[in-house]
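[1] coords below, sequence missing:
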């Protein structure tokens, strides 16, 4: 059996190594390994509970919002106020978080993924200067003409500016980006003025124009050329915590724009939160995993059988993919009627099944769907924003408490868990989207979702191209995954 | 990979979160494509040669870029983002069979200048928070201990404002390596990190008049909510963030002093009022240190 190493995997967040065992020209087994541990959970231990807010935001510079929100929801749950967040505060959080989704999905499509599909060796003019930095293995299987390639690279540059504008949308209400500031337990610190609301609206419209007239046609062109990639990188089990609360509760999973749940073997089932555990059989830790608030893990680089700093989150003992494909499947099972009808129409036009959403092409399609939908939803939320009342509510920090905060990052389900003792953090646990997706094997030898999705991937040439496309379709974020 | 006549820039990520990269990508005039393609400083074109989040090559071909640069005997600027894990032989951070410490030392050894970008790379930052499980440290301290003589300039911030990076890079390109005179006691360019937040805060009048916010969402000076502006030296009140649309204090959030050494331990608990005497003493001693 031949072994192919892809180390470092670039155009993702963080330090990831992929090892492929190859037989008959295809991946037979894959191993995913995260190379960096920082210890943010350990660093939180003993600190003031509110410190979790600004410190966990810094788990990730790409999706800080997801941690900021999960941490706020978690503390609100522990403080017993999660059911009563002022509506304006909740909406402002959604407006910040939604803009971060637009930022992440644009970044993922143009800057992280697209180069895997382009041949930049024949560029001329000023664009040729970019080829040195940006040329990838994509030339081995490009299906875009020279003219299309130049147009897509031009969109790559435009999208750099668009993602900057998305950050400005977030900063208008959150103070700054990356590492938003305004989200705190109880709501937000900042009530924007009418000028800020208008500034948000007009930037959002610029972004929507780009999304509709440039991004979406590019996604459709990609899907047309790479139709066979609906069969590449498939998985079967999907999980989502749901995101964007619609009422005043940050704790309830039911009333959210994107519904919570699991889908497996074609069927939707509600999420049973007690069934989420972490295994460390394939990870560099000592101690026991189990449920987030019961784990006693310490990093241990010499751990027997370990090959990654990621733990292996499991639901009912099985590995689940999280992210846009999961969210769209939950919408199709439990979401808004209007949205369901729109998505079903789109799947019909493309002649693909719901199951095919969890594939390389399907994940790009799912991101496109929610990007367009969210851009529209953000303007509706902006219209309904009533800034006459409070944007935050007071709270009391209890001596002892436990809390849990669940939301969705652009790349999938993110959860924070806290135990407070003597008004201090006694235990803090984070399970991030890429912890699910890029997890190593568990104690039963079950591979993680990316490891599973890679099996069967063709490895022509030096073998990196298709594997890279599979891995990047999950939009991995390793700083989140290990933290 | 480096194009003819362009000074290569190697952006190496250690124990970080890519937030500094995301912030650099928010640069405006020059924006990222100017930084990639144009001469930010006339006659001194640069070329980004390695950046794991942006570059096309992956795996071995990506690694070849940095390995070749180290051997080519050609000047380049090294930018490090993220802290360097040193505990347990550096095993908390590994890229392609070498620890992040080993790779940083190797890359720094032949660099013309090293920019430690972000508070993690400058001083250790978030991962060095107590109990510092991975022995995370700033680049300058790791290089000094490893006997690598490389000129390090710190550009702290969590993340740094893109303008601070552009100003520091432009300084190095036009005037060469900064002298001891150009740097403050925290290894940053004095010309960039000038003035305390508290002294230049638009809410200073609220502080003097005793108009304090006491709960989240309230207007007024944020001192009572734990603002660390009295010992944070950064130009945020002038530059503001993300195209100038906002910044922490305008958003009613206390300053975290995220660009100072010992962040986050010194500012923790984040929302606890700093003691007046402590603030004043710190202020006085640091101003003395920095003006000397």
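    On my side now, so go ahead. None of the values given here were measured: they were computed from a predicted structure. Numbering: from 1, shown residues only, chains lettered A, B, ... in the order given.

[2] What lies in contact with the host helix or strand of residue B:35?
    Assigned by DSSP states H and E, residue B:35 falls within helix B:32-37. Outside helix B:32-37, the residues that touch it by CB atoms under 8 Å, 6 or more residues apart in numbering or on different chains are A:126, A:129-130, A:133, A:157, A:160, B:24-25, B:27, B:40, B:46-48, B:166. Yep, even glycine has a C-beta here, placed from its N, CA and C like the rest.

[3] ok, now stretch A:285-299?
    A:37, A:39, A:274, A:276-280, A:284, A:300, A:303, A:306, A:309, A:311-312, A:402, A:404, A:415, A:417, A:419, A:427, A:429, A:431, B:92, B:133-134.

[4] Give me the buried subset of the residues you listed.
    A:37, A:39, A:276-280, A:284, A:303, A:306, A:309, A:311-312, A:402, A:404, A:415, A:417, A:419, A:427, A:429, A:431, B:92, B:133-134 (16 or more other CB atoms under 10 Å in any protein chain shown).

[5] For chain A, what's its nearest residue on the stretch 1-150 of chain B.
    Closest residue of the stretch 1-150 of chain B to chain A, CB to the nearest CB: residue B:19 (2.2 Å).

[6] quick one, what contacts that residue?
    Residue B:19 sits next to A:58, A:60-62, A:64, A:178-179, B:118, B:158-159 when contact means CB under 8 Å, 6+ apart.

[7] Arrange these in a markdown table, one row each, with pLDDT as further columns.
    Listed next are those as a markdown table, based on pLDDT from 0 to 100:
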| residue | pLDDT |
| --- | --- |
| A:58 | 98 |
| A:60 | 97 |
| A:61 | 97 |
| A:62 | 97 |
| A:64 | 97 |
| A:178 | 98 |
| A:179 | 97 |
| B:118 | 98 |
| B:158 | 98 |
| B:159 | 98 |
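
[8] So which of those residues sit within helices?
    Among those, the ones falling in helices (DSSP state H) are residue A:64.

[9] Who wins on neighbours among the contacts of residue B:19?
    Using other CB atoms under 10 Å in any protein chain shown as the neighbour criterion, residue B:118 leads those with 35 neighbours.

[10] ok, the spatially closest residue to that residue that is not a sequence neighbour - contacts?
    Once flanking residues are discounted, residue B:118 sits nearest to residue B:20: 4.0 Å by CB to CB, 6 or more residues apart in numbering or on different chains. Neighbouring residues of residue B:20 by CB under 8 Å, 6+ apart: A:61, B:81-82, B:117-118, B:121, B:157, B:159-160.

[11] likewise residue A:88?
    Taking CB under 8 Å, 6+ apart as the test, what residue A:88 contacts is A:187, A:191, A:385-387, A:389-391.

[12] let's see 6 Å
    Residue A:88 is in contact with A:386-387, A:391, counting by CB atoms under 6 Å, 6 or more residues apart in numbering or on different chains.

[13] just checking: which of those also lie near chain B?
    residue A:391 (CB under 6 Å from any CB of the partner chain).

[14] and the stretch 101-250 of chain B, which of its residues are near chain A?
    Counting by CB under 6 Å from any CB, the stretch 101-250 of chain B sits next to chain A at B:126-127, B:129, B:133-134, B:159, B:215-217, B:241-243, B:245-248.

[15] For residue 13, grab phi and psi.
    Defaulting to chain A. Taking degrees, to the nearest 10, you get phi -90, psi 120 for the backbone angles of residue A:13.

[16] my question was about chain B
    Dihedral angles for residue B:13 - degrees, to the nearest 10 - are phi -100, psi 130.

[17] So what's the residue count around it?
    28.

[18] which residues does it form a beta bridge with?
    Note on residue B:13: beta-bridge partners by DSSP bridges are residue B:81.

[19] could you pull out the strands for chain B?
    B:7-13, B:46-51, B:77-81, B:84-85, B:94-95, B:98-99, B:113-117, B:136-137, B:152-155 (DSSP state E).

[20] so which of these is the most packed in?
    Counting by mean count of other CB atoms under 10 Å in any protein chain shown, strand B:84-85 has the highest mean neighbour count of those, with a mean of 32.

[21] Could you tell me which other helices and strands it packs against?
    If you count contacts as 3 or more CB pairs under 6 Å, 6 or more residues apart in numbering or on different chains; DSSP states H and E, strand B:84-85 packs onto helix B:100-109.

[22] Name the residues that touch the helix it packs on?
    With CB under 6 Å, 6+ apart as the test, helix B:100-109 has contacts from B:12, B:14, B:70, B:78, B:80, B:84, B:86, B:90, B:93, B:114, B:143, B:146, B:148, B:150.

[23] can you pull the contacts of the last one?
    By that I understand residue B:150. With CB under 6 Å, 6+ apart, residue B:150 has these contacts: B:108, B:111, B:114, B:143.

[24] wait, isn't the third one in contact with residue B:154?
    No - the pair residue B:114 and residue B:154 fails to qualify as a contact (CB atoms under 6 Å) at a distance of 9.7 Å.

[25] quick one on the thing from earlier: drop anything exposed from the contacts of residue A:88.
    residue A:391.

[26] and of the contacts of residue A:88, the nearest to residue A:98?
    Of all the contacts of residue A:88, residue A:391 has the smallest distance to residue A:98: 16.8 Å, by CB to CB.

[27] Now the closest one. Nearest residue, chain neighbours left out?
    Distances taken as CB to CB, 6+ apart put residue A:89 closest to residue A:391, at 4.3 Å, once the chain neighbours are dropped.

[28] Repeat that for residue B:50.
    residue B:10 (4.5 Å).

[29] And the one you found, what's its pLDDT?
    Model confidence at residue B:10, given as pLDDT, is 95.

[30] is the helix or strand bottoming out on mean pLDDT in chain A up against chain B anywhere?
    When each helix and strand of chain A is scored by mean pLDDT, DSSP states H and E, helix A:127-134 comes last, with a mean of 84. Yes - using CB under 6 Å from any CB, helix A:127-134 reaches chain B at A:129, A:132-134.
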